[in-house]
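[1] build me a model from this:
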Amino acid sequence: MPDEVVSGAQELAVPDLPDDCLVYLMGSRYCETDRLSQTVWDLFGSLAPGWGRVQAICDCVHNHIRFDYMQARSTRTAFETFHERVGICRDFAHLAVTFCRCLNIPARYVNGHLGDIGVAQDALALPPVEIRRCAQCFGYLSSLRAGVEI
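    Residues are numbered from 1 along each chain as shown. Take a look at the predicted model:
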């Protein structure tokens, strides 16, 4: 099922964000905001703040990176993903999170497991538990917490 689209959602200014969101603006081991900020502002700084800018980030990440399990590396950072142009779901999510954080859009990496309890499963179908990694962006009006699956 596709994500709900709220095209009128607006970004909040940093001083207006709840205190518990501020940690999601900071760089981290895998999200090197200091190394990508200028690139991100060059790519997205002229776009109107809001839903459309976050969607543009997701589109850019999808179009910029080639998915390849054989190229997986547990140490790959967002900066490396951007320049190597290859990665797995974790790398897609880290890059999207980093891009959002560079633009002062609070974002976090989310890791989830979709279980099979109560779901009929064909023995030859997909594995019973599917692992998802996604980026979740915060900071929109109406308390919208948009989880954008990468």
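[2] use CA for all of it now, contacts and neighbours both
    Will do.
[3] wait, A107 touches C100, no?
    Yes. With contact defined as C-alpha atoms under 8 Å, A107 counts as touching C100 (6.2 Å).
[4] and T81, how close does it get to A72?
    10 Å (C-alpha to C-alpha, to the nearest Å).
[5] tell me, what's touching these two both at once?
    G87 (C-alpha atoms under 8 Å, 6 or more residues apart in numbering).
[6] more neighbours: which of those two?
    Shown here are T81 and A72; by other C-alpha atoms under 10 Å, T81 has more neighbours (21 against 15).
[7] now that one: which helix or strand?
    If you go by DSSP states H and E, T81 is part of helix 78-84.
[8] what average pLDDT does the following helix or strand past that helix get?
    Moving toward the C-terminus from helix 78-84, the next helix or strand (DSSP H and E) is strand 86-87. Average pLDDT, strand 86-87: 94.
[9] now stretch 55-75
    pLDDT averaged over stretch 55-75 gives 93.
[10] quick one: end-to-end length of that stretch, please.
    End-to-end for stretch 55-75, by C-alpha to C-alpha: 27 Å.
[11] list the buried residues for that stretch?
    Residues of stretch 55-75 classed as buried: I57, C58, C60, V61, H64, I65, R66, F67 (neighbour count, 16 or more other C-alpha atoms under 10 Å).
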